[in-house]
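Asks: quick one, fold the following:
(2 chains)
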Number of protein chains: 2
Amino acid sequence: MNLNNIRIVLVNTSHPGNIGGVARAMKNMGLSRLYLVEPRQFPDEQADWRAASAADVLDTAVVTESLEEAIADCQFVVGTSARGRRISWPLLDPRQCAERMALASNDEQVAVLFGREDRGLTNDELKLCNLHLNIPTSEDYSSLNLAMAVQVVCYELRMLLNSPLLPKTEDEEWDTPFTTGENMERFYSHLEETLTDIEFLDPAAPRQLMVRLRRLYSRVRLDEMELNILRGILTETQKWVSKSKKKLPK
Amino acid sequence: MNLNNIRIVLVNTSHPGNIGGVARAMKNMGLSRLYLVEPRQFPDEQADWRAASAADVLDTAVVTESLEEAIADCQFVVGTSARGRRISWPLLDPRQCAERMALASNDEQVAVLFGREDRGLTNDELKLCNLHLNIPTSEDYSSLNLAMAVQVVCYELRMLLNSPLLPKTEDEEWDTPFTTGENMERFYSHLEETLTDIEFLDPAAPRQLMVRLRRLYSRVRLDEMELNILRGILTETQKWVSKSKKKLPK
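Replies: Sure, this is the predicted structure:
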């Protein structure tokens, strides 16, 4: 596990105090890379105060204008989510999720996304994730404070650092590097374009097609060679469509 | 486990905001019994604000003049402690400690003590405890915010409560049945046929292409709907190839 390869990404945080609380929670557990996507107020005195001796985490925080920018170079993205979203997605508790992140962090960039205080991450944001993480709560009051949620996730990572044996999974010792979020976005664009070309996707009535395909491929975690193969297939398919259309005007 | 038999005891808390944060963390995890030993300021607006929807925990909090009073009826007392106290004591991490507390809570009163923001519990207070609990931290910054420490301990209790109910893997509770091996074989045949049609795959020199694609899709475990989508794409692609070839003989 390499905690330096794990970043915490806060999306549209409203209260600067929470950003400070997050910075402190991170540093307490040995994490240091904080990304802020369009924070409402930052830098801010409240953030400094709550950060206490974690000012360095705030000083080196990266502020971005979009979530995509914050995770562009990441191979493994985890989104925190409440239960019961309409489309189900792989959903793990913080402990299982930490194990997956710890493994990935050995040679990949990992991001954990935390949404807005009042309504979390949007469905579109959650679709950018390989896994969803759910913190178990009481049914009487399920909304955790943002910094508390970060604390729980960072704590689980810390517990793994202290434990001698890390679990093995099929992802370990993979023969080809996994691809980045940026490359996956290019792939999805290419896929959507091709599906429109072959008239399998109707842009006027796309239904849930691209969502389902995103869910499929984010689940598998594509490596670089697999991505090249899939894009090669798309390019070849497009050639046939354009050949057919060009030489055969109706 | 009976969470109603587990109380959180805060000793000489300085900042009322922390008391509110503790109340929220407790309610989020299903705990409700808060004891305050000589808080500097309580009740207080800051406490109410940080408690958010956990006002009931603050309303029913028991304020006492001494620690002894707060734990008088308890059979099992745990004290949170930094590492390296002068007197050694049984010291467990939050996970091990939560297991002990959960067991005891079935028929005993259990208390978890949290000390002052700046210097924790005194040695005399720690001597009142059956066990000491230490939250693992980074050496660079080991002082957790009080409410964060309570959050971590309550989270571990919650995880024990939930553990039998949580999905064991991310595949559980999927919204569509996973497909069969037989259907997968049909899909691979169809895929191979289509890739040959579009001349992406050369049957005379297939190399490792189908192996790589099999590895990809076997890793993801396709559900029935995903399989239908992928086969639909293949069928549509084949139509374009045959259209192009039929109407355009060389």
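Asks: and the helix ranked longest in chain A, what does it pack against?
Replies: Assignment by DSSP state H gives helix A:224-247 as the longest helix of chain A. Counting contacts by 3 or more C-beta pairs under 8 Å, 6 or more residues apart in numbering or on different chains; DSSP states H and E, helix A:224-247 packs against helix A:181-197, helix B:209-220, helix B:224-246. (Each C-beta comes from the backbone N, C-alpha and C, glycine too.)
Asks: what's in contact with the shortest one?
Replies: Residues lying outside helix B:209-220 but in contact with it, judged by C-beta atoms under 8 Å, 6 or more residues apart in numbering or on different chains, are A:170, A:216-217, A:219-222, A:225-226, A:229, B:184, B:187-188, B:191-192, B:195, B:200-201.
Asks: what does the longest one give?
Replies: Residues external to helix B:224-246 that are found in contact with it (C-beta under 8 Å, 6+ apart): A:195, A:198-200, A:209, A:212-213, A:216, A:237, A:240-241, A:243-244, A:247-248, B:176-179, B:183-184, B:187, B:190-191, B:193-194, B:197-198, B:222.
Asks: whichever of the contacts of helix B:209-220 end up buried, select them in ChimeraX.
Replies: ChimeraX command restricting the contacts of helix B:209-220 to the buried ones, with burial defined by 16 or more other C-beta atoms under 10 Å in any protein chain shown:
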select /A:216,217,219,220,221,222,226,229 /B:184,187,191,192,195,200,201
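Asks: A:Leu31 touches A:Tyr155, doesn't it?
Replies: No. A:Leu31 sits out of contact with A:Tyr155 when judged by C-beta atoms under 8 Å, with a separation of 10.5 Å.
Asks: circling back: give me the buried subset of the contacts of helix B:224-246.
Replies: Here, 16+ other C-beta under 10 Å leaves A:195, A:198, A:200, A:209, A:212-213, A:216, A:237, A:240-241, A:243-244, B:179, B:184, B:187, B:191, B:194, B:197-198, B:222 buried among the contacts of helix B:224-246.
Asks: outline the domain layout of chain A.
Replies: A:3-162, A:181-247 (automatic domain parsing).
Asks: go through those domains and pick out the most buried.
Replies: domain A:3-162 (a mean of 20; mean count of other C-beta atoms under 10 Å in any protein chain shown).
Asks: off-centre distance for that domain?
Replies: Relative to its parent chain, domain A:3-162 has a centroid offset of 10 Å by C-alpha atoms, centre = their mean, to the nearest Å.
Asks: what's the helix or strand hosting A:Asp56 in contact with?
Replies: Assigned by DSSP states H and E, A:Asp56 belongs to helix A:55-59. Outside helix A:55-59, the residues that touch it by C-beta under 8 Å, 6+ apart are A:Ile19, A:Gly20, A:Ala23, A:Arg24, A:Met26, A:Lys27, A:Ser32, A:Leu34, A:Pro43, A:Ala47, A:Asp48, A:Ala51.
Asks: list the contacts of A:Cys69.
Replies: No Cys there; residue A:69 is Glu. Contacts of A:Glu69 by C-beta under 8 Å, 6+ apart are A:Val37.
Asks: any idea which element it lies in?
Replies: Counting by DSSP H and E, A:Glu69 is part of helix A:67-71.
Asks: and the helices and strands packed on helix A:224-247: which comes nearest A:Arg95?
Replies: The closest of these to A:Arg95 is helix B:209-220. By C-beta to C-beta, the value is 22.8 Å.
Asks: how far does the closest one sit from its chain's centre?
Replies: So, by C-alpha atoms, centre = their mean, the centroid of helix B:209-220 is 32 Å from its chain's centroid.
Asks: what is the three-state secondary structure of A:Leu36?
Replies: Classification of A:Leu36 by DSSP: H, G, I helix; E, B strand; the rest coil places it in strand.
Asks: tell me which residue is most central in chain A.
Replies: By C-alpha atoms, centre = their mean, chain A has its centre lying nearest to A:Val77, at 2.8 Å.
Asks: how far away is the closest residue to A:Leu201 other than its chain neighbours from A:Glu68?
Replies: Excluding the flanking residues, the one nearest A:Leu201 by C-beta to C-beta, 6 or more residues apart in numbering or on different chains is A:Leu195, at 3.8 Å. Noted for A:Leu195: a distance of 21 Å to A:Glu68, by C-beta to C-beta, to the nearest Å.
Asks: what of A:Gln151?
Replies: A:Gln151 is 26 Å from A:Glu68, by C-beta to C-beta.
Asks: now do the worst-scoring helix or strand of chain A on mean pLDDT: which elements does it pack against?
Replies: Taking mean pLDDT, DSSP states H and E as the measure, chain A has strand A:91-92 as its least confident helix or strand, at a mean of 86. Judged by 3+ C-beta pairs under 8 Å, 6+ apart, the packing partners of strand A:91-92 are strand A:131-133.
Asks: do the very next helix or strand once past the strand it packs on and chain B meet at all?
Replies: Later in the chain than strand A:131-133, the nearest helix or strand by DSSP H and E is helix A:146-162. Yes. Counting by C-beta under 8 Å from any C-beta of the partner chain, chain B has neighbours in helix A:146-162: A:Ala147, A:Met148, A:Gln151, A:Val152, A:Tyr155, A:Arg158, A:Met159, A:Leu161, A:Asn162.
Asks: residues contacting the first one?
Replies: To tie it back to what came earlier, the one meant is A:Ala147. Taking C-beta under 8 Å, 6+ apart as the test, what A:Ala147 contacts is A:Asn18, A:Gly20, A:Gly21, A:Val22, A:Arg24, A:Ala25, A:Arg50, B:Met148.
Asks: any idea how far B:Thr13 is from the closest residue to it other than its chain neighbours?
Replies: Excluding the flanking residues, the one nearest A:Ala147 by C-beta to C-beta, 6+ apart is A:Gly21, at 3.0 Å. Applying C-beta to C-beta, the value for A:Gly21 to B:Thr13 is 17 Å.
Asks: swap in A:Leu234?
Replies: 60 Å.
Asks: worst average pLDDT in the helices and strands packed on helix A:224-247?
Replies: Here the lowest mean pLDDT among the helices and strands packed on helix A:224-247 goes to helix B:209-220, at a mean of 85.
Asks: before we move on, back to that, make TSV from the helices and strands packed on helix A:224-247 and add distance to A:Ala98 to it.
Replies: Output for the helices and strands packed on helix A:224-247, formatted as TSV (distance: least, C-beta to C-beta, whole Å):
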stretch	distance to A:Ala98
helix A:181-197	20
helix B:209-220	22
helix B:224-246	28
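Asks: mind checking which of these is nearest B:Ile135?
Replies: That would be, of these and by C-beta to C-beta, helix A:181-197, which comes in at 32.5 Å.
Asks: report the inter-axis angle for the closest one versus helix A:224-247.
Replies: For helix A:181-197 against helix A:224-247, the angle by axes from the mean of the first three to the mean of the last three C-alpha atoms, to 10 degrees is 30 degrees.
Asks: need the pLDDT of the nearest residue to A:Thr122 once chain neighbours are set aside.
Replies: Nearest residue to A:Thr122, sequence neighbours excluded (C-beta to C-beta, 6+ apart): A:Gly115, at 7.5 Å. Per-residue pLDDT puts A:Gly115 at 97.
Asks: pretty sure A:Gly115 contacts A:Leu67?
Replies: No. Because the distance of 9.9 Å does not satisfy C-beta under 8 Å, A:Gly115 is recorded as not touching A:Leu67.
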